[in-house]
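**Student:** pasting a predicted model and its sequence here:
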Amino acid sequence: MSHMNKIFSILLVFAIAAYAQQTTVAVLPSEGDSRSGAELEVLTDEMREAALKVLPTATFVLLKQDVVVKRLGGAENFIKECKESTCIVDLGKKAQVDYVAQATVIELDGIIRLKVELYSVSTEGLVGMFNDEAGSIRDLLAIVKNRAPAEVFSKIPGVIVEKAAPVEKKKRCDRKYNVNDDECVVNEPYEPPVRYEEYDDEDSDEKGEKSRVSFWIRAGINSSYTYAEHNSGASGDFGDIFGMQLGFALDFAVSDWFHIQPNLIYIQKGMKDNGTDFTSHYIELPLLLSIKSNTIPIRFSAGPYFGLCLDGYCDDYDFGLSAGVGFDIGMFYIGLLYDYGLVRHFEYKYMLYNRTLGLNVGVNL
């Protein structure tokens, strides 16, 4: 079984590489001396939701809020330290993340001013930001929901998102000054920002439905052997050989964590006996049910497979169960899959059953 140990080692290396490629993002607790703790907490939650809309879970990890606060030494320590202009970047370093964001609010003349900033912790550079204002905390949340995904979190390298329509703001003309020096009608009534729903319109829903079905191309190598049973009750394993596999799969995302994957694969299986390789060629149709993590790029799959013998030391068909684990790395996939044959596929002194461990890589088109 030395070949299988090598395949496990290769998969472990790729798993470590997949985890190392993850980009970590933290949303700091929102700041605002004039707002209640509950309002600031709701604003922080809205910032997190905005980040989750655009950050691909395969390559990005958004730290849970309790983890962020714990790394910062607790809520009281966070308030104590966050007094300098470099606070966001410094706290990002302490939280051990790649990017850090925060929303800050201040109220002047009955108007709530909002500033949202995102920094790269390694370069200490400003990656994305915007300023806005509203008449209430409810309208402020609508602004964050509409603007933060496209104007802040999509600025992180590796994130792609369609920009929302620009927000057309009304100016309050009964104030003694105009922040933007814009012309305005004196008698025009002030209207708070509208809660925009660009992310929930029909076009977005249609695009979301389309993106739930993806096409994969897969290729890999196998380490295959045969389990043998004799009429006398004796049993054992024949030696393993290397083979190859090549095919494609459709991935149906029933939900964010549950997927259905029908596959069509050409695969080589077989065994070694007295130094001679016996190779069989199959067209195999696995139907896998896949559970995918929302926090780390790992998925577990299992389901039945049916194999049609094309040529070699095999009868008409093979049938069994497949189970495996894999990692999503951006548009790429690497996984380990084990086939356990349930039916006798050939008689060669004994009744033979396929056992195959395969390492495959894929590209999501």
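**Tutor:** Perfect, I can see it now. Numbers count the residues shown, from 1 in each chain.

**Student:** for stretch 220-232, the distance to its chain's centre please.
**Tutor:** Counting by CA atoms, centre = their mean, to the nearest Å, stretch 220-232 is centred 36 Å from the centre of its parent chain.

**Student:** what's in contact with that stretch?
**Tutor:** The list of residues contacting stretch 220-232 from outside it, by CB atoms under 8 Å, 6 or more residues apart in numbering, reads 1, 3-4, 6-7, 235-245, 267-272, 341, 349-361. (Glycine included, C-beta is placed from N, CA and C.)

**Student:** could you grab the helix/strand/coil label for the spatially most distant residue from the centre of the chain?
**Tutor:** Ranking residues of the chain by C-alpha distance from their mean position (CA atoms, centre = their mean) puts S232 at the top, at 51.8 Å. Classification of S232 by DSSP: H, G, I helix; E, B strand; the rest coil places it in coil.

**Student:** which stretch of helix or strand covers I267?
**Tutor:** strand 258-273 (DSSP states H and E).

**Student:** quick one: list the elements packing against the next helix or strand after that strand.
**Tutor:** Per DSSP H and E, the first helix or strand lying C-terminal to strand 258-273 is strand 276-292. Here strand 276-292 touches strand 241-253, strand 258-273, strand 298-312, strand 317-329, going by 3 or more CB pairs under 8 Å, 6 or more residues apart in numbering; DSSP states H and E.

**Student:** what strands line up against strand 276-292, and which way round?
**Tutor:** strand 258-273 (antiparallel), strand 298-312 (antiparallel) (DSSP bridges).

**Student:** I'd like these as CSV, with mean pLDDT and mean neighbour count appended.
**Tutor:** As requested, the strands paired with strand 276-292 are exported to CSV (pLDDT from 0 to 100; neighbours: other CB atoms under 10 Å):
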stretch, mean pLDDT, mean neighbour count
strand 258-273, 92, 20
strand 298-312, 92, 17
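
**Student:** with distance to F215 added, can I get the ones you listed in a markdown table?
**Tutor:** Supplementary listing: the strands paired with strand 276-292 in a markdown table, determined by distance: least, CB to CB, whole Å:
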| stretch | distance to F215 |
| --- | --- |
| strand 258-273 | 11 |
| strand 298-312 | 17 |
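
**Student:** by mean pLDDT, flag the weakest helix or strand of this protein.
**Tutor:** helix 202-211 (a mean of 44; mean pLDDT, DSSP states H and E).

**Student:** where's A51, which helix or strand?
**Tutor:** When the helices and strands are read off by DSSP H and E, the one containing A51 is helix 37-54.

**Student:** against I241, how distant is P262?
**Tutor:** When distances are taken as CB to CB, to the nearest Å, P262 and I241 turn out to be 28 Å apart.

**Student:** again, but for L250
**Tutor:** Look at L250 and I241: by CB to CB, they are 30 Å apart.

**Student:** more crowded one of the two?
**Tutor:** I241 (21 against 14; other CB atoms under 10 Å).

**Student:** OK, contacts around that one?
**Tutor:** Taking CB under 8 Å, 6+ apart as the contact definition, I241 lies against S223, S224, Y225, G270, M271, K272, D277, F278, T279.

**Student:** could you dump these to a markdown table with distance to L141?
**Tutor:** Supplementary listing: the contacts of I241 in a markdown table, determined by distance: CB to CB, whole Å:
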| residue | distance to L141 |
| --- | --- |
| S223 | 55 |
| S224 | 57 |
| Y225 | 60 |
| G270 | 62 |
| M271 | 64 |
| K272 | 65 |
| D277 | 66 |
| F278 | 66 |
| T279 | 63 |
